[in-house]
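**Student:** How does the following fold in three dimensions:
(chains A, B, C and D)
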Number of protein chains: 4
Amino acid sequence: MLEQLKQEVYEANMQLPKLDLVNFTWGNVSGIDREQGLFVIKPSGVDYEKLQPADLVVVDLNGEVVEGKLNPSSDTPTHVILYNQFSKIGGIVHTHSPWAVAFAAAQMDIPALNTTHADTFYTAIPAARPLTAAEIEADYEGNTGQAIVETFAQRGLDYEATPAALVSQHGPFTWGKTAAQAVYNAKVLEIVAQEDYHSLQLTSANLALPKYLRDKHYYRKHGKNAYYGQSND
Amino acid sequence: MLEQLKQEVYEANMQLPKLDLVNFTWGNVSGIDREQGLFVIKPSGVDYEKLQPADLVVVDLNGEVVEGKLNPSSDTPTHVILYNQFSKIGGIVHTHSPWAVAFAAAQMDIPALNTTHADTFYTAIPAARPLTAAEIEADYEGNTGQAIVETFAQRGLDYEATPAALVSQHGPFTWGKTAAQAVYNAKVLEIVAQEDYHSLQLTSANLALPKYLRDKHYYRKHGKNAYYGQSND
Amino acid sequence: MLEQLKQEVYEANMQLPKLDLVNFTWGNVSGIDREQGLFVIKPSGVDYEKLQPADLVVVDLNGEVVEGKLNPSSDTPTHVILYNQFSKIGGIVHTHSPWAVAFAAAQMDIPALNTTHADTFYTAIPAARPLTAAEIEADYEGNTGQAIVETFAQRGLDYEATPAALVSQHGPFTWGKTAAQAVYNAKVLEIVAQEDYHSLQLTSANLALPKYLRDKHYYRKHGKNAYYGQSND
Amino acid sequence: MLEQLKQEVYEANMQLPKLDLVNFTWGNVSGIDREQGLFVIKPSGVDYEKLQPADLVVVDLNGEVVEGKLNPSSDTPTHVILYNQFSKIGGIVHTHSPWAVAFAAAQMDIPALNTTHADTFYTAIPAARPLTAAEIEADYEGNTGQAIVETFAQRGLDYEATPAALVSQHGPFTWGKTAAQAVYNAKVLEIVAQEDYHSLQLTSANLALPKYLRDKHYYRKHGKNAYYGQSND
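**Tutor:** Sure, this is the predicted structure:
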């Protein structure tokens, strides 16, 4: 069932340790088959060294396990919300990458201060508000997803152009057209978090990129007029 | 004598360099057989590259060497105190991991600012007070253990829920049900120390996690209602 | 065509990941044949793991592709300006190395605070001003090169003695007599950016090296009286 | 000539890249035969990947080359001064390790803030004053050594108990009974520089270790009452 997608999601999961984005089992990648309305996700708490494609769990958009012997990631309800609300995304990544966590714990956006950022993320990466005690008790992982969706709605952000969010006090979620692209976005987010941290320590000047520079870099790599690389993506 | 425990403690010691927790010989792991009241500990000043299971030293709960050709770790009296006072722990780790040392030298707790922390440590990791000159002269390593125990008593902390302490001016001790778990806790402590350092530089806001979020994450992974991973731990 | 130069530029490009100067495809090296007025540059968006010497693109000093099946780096117009204006350079490197990016985003020079810096760069590494919206729209990559050239002219800097610049909000460009030397300069720049960042956090004292010390170190390694190494370079 | 010493010094030099203490050729180790009054030092500007024991240069205590086809390290006059003035040392190391350079550029001592420091260095590691223009012009490398010696004299420091100094604006020198011990000291210095940097950012409190704690840790590892390791060193 969904063997090709399982292989893709497996390979995307295995990129997390290779790209230094996870310690231990602290990360997960999923990918969705939109036609069938089913997604494939890493099982909970399984070491990357032992993970096999057949261990991946198939889940439907109600969060019900459709296939798999293992428990799916404890973050599965967050993935369910994001797949339902962000209808064009094909893959989701959650990590505890340390520079992103530093911003998430500080409850601060990762600002758009350099073109490395704007090449991938059109705006600052928003930090969703902390959850309330009631939200945590009622449906922690689901409400984590709702807080991300709420943040994008309130700020008028385009989830395709800014494919990432911080969950305050917790860490980053990224997404993309595919699981592999979501992993790429997770790495870029970690890199720009590190760079931004240092820029913010060097000066208290307002360093936010102007819109015209964000436009230039973002659209240099995305959309029909893109001219970076060997073809439009 | 205690061959299986020696193997476990040997393997736990060898995890320290693999997890980037030690330079040179600056770290040690021990594990205890509670029935026999004997623990196994790394010999003092032996390179990890040369360490063999047979080099480990067996020590009783009075700190007397029961078996072994080599001197036990110079920190052995600290381990003795912790095993006597914290009766449910099965393994202890001491390292000079650099982010934890930075907090220890600053005589600051590692605060609970993110869920990575709360997944493993229920509260801030306390920095025990510096020892007095008299305590250092009388029984330095033993009083190091006493200062940790005193800190947990004074603050009303549960050593099972917060399996780590900083020794001011020195570095971290962690513990767990097994030597392997104590090593895991040593790595988590180093990771959150690094993350917390950066969060504290980003903002002077009070970032301490509320109790309801610490409850959620800690009990998501521990105790009878845990639902992270493939079974309750 | 230019097979030897392609090999040199290929090898210089492959040094970027080896020296931890690039993530993904975010960097490019070119080298020029001054007699023919042609330079060789990395193709745009090609993974370093897949790059082959034959993939390199030959470009003339008007920016026209003379040979090559792939698109040249999107930064090619910047290389064109630098080769035209800095007539003695033989190679150019652009990276997004993270410490240099932190200074570039902060729109700050990398100051000359230590002799590691002065051994390679005679002065502070200047941060060129940000481009205007009009400059970005008209010819982004070309105007990036013009801003670097303008900065050297306005400050009276010698591009041979200070073979590097930061593009504000973006990242570093370095150059040298050869592509290999430009890569060396890119690594030195990243190292001193990291060191300077930490020195600037340690103290607010004015730490700028006096001219006589910059003279000593720079000319110890460069010019006819150099005495570092096994021969004058 | 001095074949065994050459081998020892060669191996000590090769530890520098292995311990992440050098980039490129930016470091050198020497070792002395006190009976013959000759020391062996790395040649100037030779890549570590290509260095062979036979490349090492033999120099006398007047700084004259006694044997060797290559130029000795440009820092040789500094080594000459230190061997002449610090009569009990057997090996010297110079690096540009980045955390030590950050303190050297800041012209700040590396303070004694933790027991990792006191295990190896009995006091803070002093930053020698910057050289004057006249000193640089007259005998740069020799006066670098003189500034270190002057600093130890003025502060009443014991060069055996504090086997390291920073040269302001430049970087660290360390020494020891052997070349290998000097390399060990160079690594410890880099580690504590990193730790101290972070402690100093965490708090502005005075964190200097009290003398009784420095005594405890230093003499736990050194001298006739040492009890760390398997025998007194």
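
**Student:** which other residues reach stretch A:144-153?
**Tutor:** For stretch A:144-153, contacts defined as CB atoms under 8 Å, 6 or more residues apart in numbering or on different chains pick out A:75, A:77-82, A:85-86, A:126-129, A:131, A:135, A:157-159, A:162, A:165, A:167, A:170, A:173. Backbone N, C-alpha and C define where each C-beta goes, glycine included.

**Student:** If we use 7 Å, what do you get?
**Tutor:** For stretch A:144-153, the external contacting residues (CB atoms under 7 Å, 6 or more residues apart in numbering or on different chains) are A:77-78, A:81-82, A:85, A:126, A:128-129, A:131, A:159, A:165, A:167, A:173.

**Student:** Spell out the secondary structure type for A:Ala104.
**Tutor:** The three-state assignment at A:Ala104 reads helix, by DSSP: H, G, I helix; E, B strand; the rest coil.

**Student:** pretty sure it contacts A:Ser168?
**Tutor:** Yes - here A:Ala104 reaches A:Ser168: they are 5.8 Å apart, a contact under CB atoms under 7 Å.

**Student:** Mutual contacts of those two, please.
**Tutor:** Common contacts of A:Ala104 and A:Ser168, defined by CB under 7 Å, 6+ apart, comprise A:Ala127.

**Student:** which of the two has more neighbours?
**Tutor:** Residue environment comparison for A:Ala104 versus A:Ser168 gives the larger neighbour count to A:Ala104, 31 against 24, counting by other CB atoms under 10 Å in any protein chain shown.

**Student:** Quick check on the residue nearest the centre of chain A: phi, psi?
**Tutor:** Most central residue of chain A, judged by C-alpha distance to the mean C-alpha position with CA atoms, centre = their mean, is A:Thr174 at 1.0 Å. Torsion angles at A:Thr174 (phi, psi; degrees, to the nearest 10) stand at phi -130, psi 160.

**Student:** Tell me which residues touch it, please.
**Tutor:** Taking CB under 7 Å, 6+ apart, we find A:Thr174 in contact with A:Val93, A:Pro163, A:Ala164, A:Ala182, A:Asn185, A:Ala186, A:Leu189.

**Student:** who's it bridged to?
**Tutor:** A:Val93, A:Ala164 (DSSP bridges).

**Student:** Would you check how far apart it and A:Lys221 are?
**Tutor:** From A:Thr174 over to A:Lys221 the distance is 16 Å, taken as CB to CB, to the nearest Å.

**Student:** Tell me which residue in chain A sits closest to chain D.
**Tutor:** With CB to the nearest CB as the measure, the residue in chain A that lies nearest chain D is A:Gln201; the distance is 9.2 Å.

**Student:** Apart from its chain neighbours, what residue comes closest to A:Glu141?
**Tutor:** Beyond its immediate neighbours in the sequence, the residue positioned closest to A:Glu141 (CB to CB, 6 or more residues apart in numbering or on different chains) is A:Pro77, lying 3.8 Å away.

**Student:** List of residues touching the helix or strand hosting that neighbour?
**Tutor:** Under the criterion of DSSP states H and E, A:Pro77 resides in helix A:76-85. Contacts with helix A:76-85, where a contact means CB under 7 Å, 6+ apart, come from A:30, A:32, A:39, A:41, A:59, A:61, A:63, A:89, A:92, A:139, A:141-142, A:144-146, A:148-149, A:173, A:175.

**Student:** hmm, 6 Å instead?
**Tutor:** By CB atoms under 6 Å, 6 or more residues apart in numbering or on different chains, the list of residues contacting helix A:76-85 from outside reads A:30, A:32, A:41, A:59, A:61, A:63, A:92, A:141-142, A:144-146, A:149.

**Student:** contacting residues for the nearest residue to A:Asp109 once chain neighbours are set aside?
**Tutor:** Taking CB to CB, 6+ apart, and ignoring the residues beside it in sequence, A:Asp109 has A:Ala124 as its nearest neighbour in space, at 4.4 Å. For A:Ala124, the contact set (CB under 6 Å, 6+ apart) comprises A:Asp109, A:Pro111, A:Ala112.

**Student:** please redo it, this time with the cut-off set to 8 Å
**Tutor:** Under the criterion of CB under 8 Å, 6+ apart, the neighbours of A:Ala124 are A:Asp109, A:Ile110, A:Pro111, A:Ala112, A:Thr162, A:Ala208.

**Student:** wait, isn't the first one in contact with A:Leu166?
**Tutor:** Yep, that's A:Asp109 we're talking about. Yes - contact criterion CB atoms under 8 Å: A:Asp109 and A:Leu166 qualify, at 7.4 Å.

**Student:** what residues do the two have in common as contacts?
**Tutor:** With CB under 8 Å, 6+ apart, A:Asp109 and A:Leu166 have common neighbours A:Phe103, A:Ile125, A:Pro126, A:Ala127.

**Student:** about what we covered before: hmm, B:Gln201 and the residue of chain A closest to chain D touching each other?
**Tutor:** Yes - using CB under 8 Å, A:Gln201 and B:Gln201 qualify as a contacting pair, with a distance of 6.5 Å.

**Student:** And the strands in chain A, which stretches?
**Tutor:** Remark: strands of chain A, listed N- to C-terminal, are A:27-33, A:38-41, A:57-60, A:65-67, A:91-95, A:127-128, A:164-167, A:171-176; assignment by DSSP state E.

**Student:** Let me have these in TSV, adding mean pLDDT as columns.
**Tutor:** TSV is the format used below for the strands of chain A (pLDDT from 0 to 100):
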stretch	mean pLDDT
strand A:27-33	98
strand A:38-41	98
strand A:57-60	98
strand A:65-67	98
strand A:91-95	98
strand A:127-128	98
strand A:164-167	98
strand A:171-176	98
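
**Student:** Point out the most buried one among the ones you listed.
**Tutor:** For these, ranked by mean neighbour count under the definition mean count of other CB atoms under 10 Å in any protein chain shown, the leader is strand A:91-95 at a mean of 29.

**Student:** So what touches that one?
**Tutor:** Under the contact criterion CB under 8 Å, 6+ apart, strand A:91-95 has outside partners A:9, A:12, A:16, A:21-22, A:26-32, A:73, A:75, A:78-79, A:82-83, A:171-183, A:185-186, A:190.

**Student:** again, only this time at 6 Å
**Tutor:** The contact list for strand A:91-95, computed with CB under 6 Å, 6+ apart, reads A:21-22, A:27-31, A:75, A:79, A:82, A:173-176, A:178-179, A:182-183, A:186.
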